[in-house]
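Engineer: Quick one, what's the 3D model for this:
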Amino acid sequence: MMQPKDSYLAGYLTGYRDGVRHAFEGKVSPSIDADLLDLPIDAMNLSTRARNCLIGAHCNCIRDVVSLSDQRISTIRNLGIKTASEIAKWLHSQGLCYSAWSRYQ
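Structural biologist: Okay, here's the model as predicted:
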């Protein structure tokens, strides 16, 4: 019989795995408002460096930012850990924490 702690861990891992799979397939969580994903990156209120990095990566809207792969994120010019962390924190605050950016929180 599973303890409540084990049940919580199993549920967490299942949710994380599903989130990673959905991010890889380009799907979004059903609880995420599609209008949020269609907003331009200017709506994120990021620093100039973070905004310029995303523009350099050809991200026009938040959907483009969320769909970036881990490999692509690591090759964005002038994107350091601090800037990536800024972007990841904003995405997490909006409930978009299952994407490849979660690594930088």
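
Engineer: ok, which stretches of this structure are helices?
Structural biologist: Taking DSSP state H as the criterion, the chain carries its helices at 4-25, 34-37, 48-56, 62-66, 70-74, 81-93.

Engineer: Of all the residues in the last one, which ones are buried?
Structural biologist: Residues of helix 81-93 classed as buried under the neighbour-count rule (16 or more other Cβ atoms under 10 Å) are 83-84, 86-88, 90-92. C-beta: built from backbone N, CA, C; applies to glycine.

Engineer: lowest-confidence stretch among the helices of the chain?
Structural biologist: Per-stretch mean pLDDT for the helices of the chain is lowest at helix 4-25 (a mean of 51).

Engineer: if we can go back for a sec, can you add distance to residue 43 and give the buried residues of helix 81-93 back as TSV?
Structural biologist: Compiled in TSV, the buried residues of helix 81-93 are given as follows (distance: Cβ to Cβ, whole Å):
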residue	distance to residue 43
83	18
84	19
86	15
87	13
88	17
90	10
91	12
92	16
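
Engineer: can you count the residues close to residue 44?
Structural biologist: Using other Cβ atoms under 10 Å, residue 44 has 18 other residues around it.

Engineer: what's the answer for residue 50, then?
Structural biologist: Here the neighbour count serves as a burial measure; for residue 50 (other Cβ under 10 Å) it reads 21.

Engineer: again with residue 60
Structural biologist: Residue neighbour count, defined by other Cβ under 10 Å, stands at 13 for residue 60.

Engineer: ditto for residue 96
Structural biologist: Other residues close to residue 96 by other Cβ under 10 Å number 23.

Engineer: surely it meets residue 63?
Structural biologist: No: counting by Cβ atoms under 8 Å, residue 96 stays clear of residue 63, with 9.8 Å between them.
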